[in-house]
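Asker: Fold the following, please.
(chains A and B)
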Amino acid sequence: MDDIKFKKILVFINCLVPLALLGWDAYRDQLGANPLEFLTRTTGTLTLLFLVLSLAVTPARKVTGIQWLVRFRRMIGLYAFFYGGLHWMLYVWSDKFFNLRAIIGDIRQRPFIAVGLVSFTLMVPLAVTSTNKMLKRLGGKRWMRLHKLAYVAAAGGVLHYWLLVKADTTKPLVFAAVLALLLGYRFWRSYTGDAKRKPISITQPAPPR
Amino acid sequence: MVIKKSDDIKSSEITDKKLYVNRRLFMRGATLAASAAATGFLYRKLLAPEPQQRREDGKAVAGTQSAPRDWGLPGEEATTYEDITNYNNFYEFSTSKTAVASAAKGFVTRPWTVAVEGLVNNPRIFALEDILKANAQEDRIYRMRCVEGWSMVIPWSGFPLASLLKEVEPLSQARYVAFETLNDPERMPNLDSGVLDWPYVEGLRLDEAMNPLTILASGLYGDPLPPQNGAPLRLVVPWKYGFKGIKSIVKIKLVEQMPPTTWNLSAPDEYGFYSNVNPNVSHPRWSQARERRIGELGLRETLMFNGYADQVAQLYAGMDLKYFF
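Answerer: Next comes the predicted model:
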């Protein structure tokens, strides 16, 4: 097993840790008085966290110069999609009991539900086009442009969070601040001419034979 | 620069490949375990619920000192003591419902006084002990519906607010009752946060306050009220959303005009003065038609006036409850 493969396993396992602990706490009945609300809220927070982490990969790579960080970006992004899917399924199951009419009514009447759904939906094409094959089919430039949607999804997620809290907006504001920082870094880099440089290959290079 | 010739390293000193691979495997295993432990620690710190606080006296089940009794309502079980005391909205201590119990631990409630004043013949500052001595405590098992969409069945001990108000003899101009929570940053750690305007204030119309369902509670499951539930004395108005039940009361004032209320000041279009439980009037951001009963997985239909319509609906006869939400 080569080094990068091990690092990928390392990241994969660590991204699963919150899910494992959620499952373990659920099994021990340690999710508090309102376990379904807790599960829904926590998977939502994890979605946003992984989205922000995936967006932090490129800035982190540029700041530190550690190029192989980019190898984890797809996995982290897919984890965001995975936790987002869990979050959405928990809502559909525990809040709406798979009642399609109730869900549609909710989406039409509650802006925070609609914003959340749009943000999740935006992640679907990103997950679908996350493979090397799809990257090649789309071409790097178009693929990059499409995947800027991750910023929109993350901003939507923050708005969704901010719209649903009652009075204490600390956590959504922290996410908003981090996101603004990452976006600001992007703009600053493109302004200072970094964008003209050729982006490094994000696909796995063929192993030496 | 010294360039070692290959024969400088004895073949016996060359690490055996198996050992080398094993060591690498071991290092990787250790890295994996350590990083997973660190991630787990971060998750526990940042996202996991705080472990539920046990009763300080170590009793496993509440109320076992007296004859065992059924604390529920017909067809509705009482919420467990653990859930009632570990899932609280009490922003003076924390905005996280599962963190209030630990943040409020050790909250000093003696000595405690309650000023009852304003448009009354006989304004007084009561010592808590005198209030509890003068008003016999009775068990009242009420539904509690939070504006957030969850509910409990809570066995309070308390007495009708009316009996305290009668003692100070309200004047005929008095039309509303205003309540105020303690505002002591020394004892309430989250008061610096500025999440809400402190002190927390609430209000009732005088006829609502005099309704026999309205109580001041000082106990839970037959035991003294724990800090996180509003010790030493709190308001319980079972047909209204939970936030109307102001906690840790230090002042009760009879007034002529409708008094300001904290959540109404914070978001006037979301929380009205009346805030009666009403499945037909949505919160602007979520429906109030159903509720999650703590301890149950399904949802229950929310009842008009939280199921107390027979006792209180007449208070609002002719009022547009969508307008006076």
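Asker: rest of the way, CA atoms for contacts and neighbours
Answerer: Fine.
Asker: Are stretch B:223-236 and chain A in contact anywhere?
Answerer: No. For stretch B:223-236 and chain A, the contact criterion (C-alpha under 8 Å from any C-alpha of the partner chain) is not met; the two come no nearer than 14.3 Å.
Asker: Centre of the chain to that stretch, how far?
Answerer: Mean-position distance between stretch B:223-236 and its chain equals 10 Å (C-alpha atoms, centre = their mean, to the nearest Å).
Asker: What's the per-residue pLDDT of B:P51 here?
Answerer: As summarised for this prediction, B:P51 has a pLDDT of 79.
Asker: Run a quick neighbour tally on it.
Answerer: B:P51 is flanked by 14 other residues according to other C-alpha atoms under 10 Å in any protein chain shown.
Asker: Got phi/psi on the residue lying closest to it once chain neighbours are set aside?
Answerer: With C-alpha to C-alpha, 6 or more residues apart in numbering or on different chains as the criterion, B:P51 has its nearest non-adjacent residue at 7.1 Å, and that residue is A:Q30. Main-chain torsions, A:Q30, degrees, to the nearest 10: phi -120, psi 30.
Asker: Same question for the one 3 residues further on.
Answerer: In this entry, A:A33 is assigned phi and psi values of phi -70, psi -30 (degrees, to the nearest 10).
Asker: burial measure for it, as a count.
Answerer: Using other C-alpha under 10 Å, the number of residues around A:A33 comes to 26.
Asker: can you pull the contacts of it?
Answerer: A:A33 is in contact with B:D83, B:N86, B:Y87, B:I294, B:G295, counting by C-alpha atoms under 8 Å, 6 or more residues apart in numbering or on different chains.
Asker: and if we set it to 6 Å?
Answerer: Residues in contact with A:A33 (C-alpha atoms under 6 Å, 6 or more residues apart in numbering or on different chains) are B:D83.
Asker: How many residues are close by the residue nearest to B:Y271 when sequence neighbours are not counted?
Answerer: Closest residue to B:Y271 apart from its sequence neighbours, by C-alpha to C-alpha, 6+ apart: B:N264 at 5.0 Å. For B:N264, the neighbour count with other C-alpha under 10 Å is 17.
Asker: before we move on, what SS does B:N264 have?
Answerer: For B:N264, the assignment made with DSSP: H, G, I helix; E, B strand; the rest coil gives helix.
Asker: Next one, pLDDT for it please.
Answerer: What the model reports for B:N264 is a pLDDT of 95.
Asker: again, but for A:P208
Answerer: What the model reports for A:P208 is a pLDDT of 53.
Asker: who in the stretch 51-200 of chain B is up against chain A?
Answerer: Residues of the stretch 51-200 of chain B lying near chain A by C-alpha under 6 Å from any C-alpha of the partner chain: B:D83, B:V195.
Asker: Tell me the residue of the stretch 51-200 of chain B that sits nearest chain A?
Answerer: Each residue of the stretch 51-200 of chain B has a distance to chain A, by C-alpha to the nearest C-alpha, and the smallest belongs to B:D83, at 5.1 Å.
Asker: In terms of helices and strands, where is that residue?
Answerer: Secondary-structure assignment from DSSP states H and E places B:D83 in helix B:81-84.
Asker: Just the CA trace of the helix or strand just after that helix, in PDB.
Answerer: On the C-terminal side of helix B:81-84, the nearest following helix or strand under DSSP H and E is helix B:100-103. The C-alpha coordinates for helix B:100-103 follow below in PDB (Å, rounded to 0.1, in the frame of the first residue of the first chain):
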ATOM      1  CA  VAL B 100     -28.700  24.000  30.800                       C
ATOM      2  CA  ALA B 101     -28.800  21.300  33.400                       C
ATOM      3  CA  SER B 102     -25.000  21.300  33.900                       C
ATOM      4  CA  ALA B 103     -24.700  25.100  33.500                       C
END
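Asker: circling back: give me every residue that touches the residue of the stretch 51-200 of chain B closest to chain A.
Answerer: Going by C-alpha under 6 Å, 6+ apart, the list of residues near B:D83 reads A:A33.
Asker: and if we set it to 10 Å?
Answerer: Taking C-alpha atoms under 10 Å, 6 or more residues apart in numbering or on different chains as the criterion, B:D83 is in contact with A:G32, A:A33, A:N34, B:Q52, B:Q53, B:T98, B:M152, B:I294, B:G295.
Asker: Could you find the closest non-adjacent residue to the third one?
Answerer: In this case it means A:N34. B:I294 (6.0 Å).
Asker: what's near enough to touch the one you found?
Answerer: The contact partners of B:I294, by C-alpha under 10 Å, 6+ apart, come to A:32-35, B:78-80, B:83-84, B:87, B:150-153.
Asker: Could you dump these into a markdown table with distance to B:H283 and pLDDT added?
Answerer: Written out in a markdown table, the entries for the contacts of B:I294 read as follows (distance: C-alpha to C-alpha, whole Å; pLDDT from 0 to 100):
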| residue | distance to B:H283 | pLDDT |
| --- | --- | --- |
| A:G32 | 25 | 88 |
| A:A33 | 23 | 91 |
| A:N34 | 20 | 92 |
| A:P35 | 23 | 92 |
| B:A78 | 26 | 93 |
| B:T79 | 25 | 94 |
| B:T80 | 28 | 92 |
| B:D83 | 25 | 93 |
| B:I84 | 24 | 95 |
| B:Y87 | 21 | 94 |
| B:W150 | 13 | 96 |
| B:S151 | 16 | 97 |
| B:M152 | 19 | 96 |
| B:V153 | 22 | 96 |
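Asker: In a markdown table, list those residues along with distance to A:T192.
Answerer: Formatted as a markdown table, these follow (distance: C-alpha to C-alpha, whole Å):
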| residue | distance to A:T192 |
| --- | --- |
| A:G32 | 49 |
| A:A33 | 52 |
| A:N34 | 50 |
| A:P35 | 48 |
| B:A78 | 64 |
| B:T79 | 61 |
| B:T80 | 61 |
| B:D83 | 56 |
| B:I84 | 57 |
| B:Y87 | 51 |
| B:W150 | 52 |
| B:S151 | 55 |
| B:M152 | 58 |
| B:V153 | 62 |
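Asker: Next, B:E180: phi, psi?
Answerer: With angles defined as degrees, to the nearest 10, B:E180 shows backbone torsions of phi -140, psi 140.
Asker: Model confidence score at the closest residue to it other than its chain neighbours, please.
Answerer: For B:E180, ignoring the flanking residues on the chain, the nearest one in space by C-alpha to C-alpha, 6+ apart is B:V201 at 4.6 Å. We have a pLDDT of 97 for B:V201.
Asker: And B:V201, how far from chain A?
Answerer: Counting by C-alpha to the nearest C-alpha, to the nearest Å, the gap between B:V201 and chain A amounts to 16 Å.
Asker: same thing with B:A217?
Answerer: 22 Å.
Asker: before we move on, the earlier item: need the max-distance pair from the contacts of B:D83.
Answerer: Across the contacts of B:D83, the two members that end up farthest from each other (C-alpha to C-alpha) are B:Q53 and B:M152, 18.1 Å apart.
Asker: between the two, which one's more packed in?
Answerer: For B:Q53 versus B:M152, neighbours defined as other C-alpha under 10 Å are more numerous around B:M152 (23 against 16).
Asker: Which residue lies closest in space to that one, excluding its sequence neighbours?
Answerer: Leaving aside its chain neighbours, B:M152 sits nearest to B:M144 (5.2 Å; criterion: C-alpha to C-alpha, 6+ apart).
Asker: Am I right that that neighbour is in contact with B:N276?
Answerer: No. In terms of C-alpha atoms under 10 Å, B:M144 does not count as a neighbour of B:N276; the distance is 11.7 Å.
Asker: shared neighbours, the two?
Answerer: B:V237, B:P238, B:W239, B:K240, B:Y241, B:G242, B:N306.
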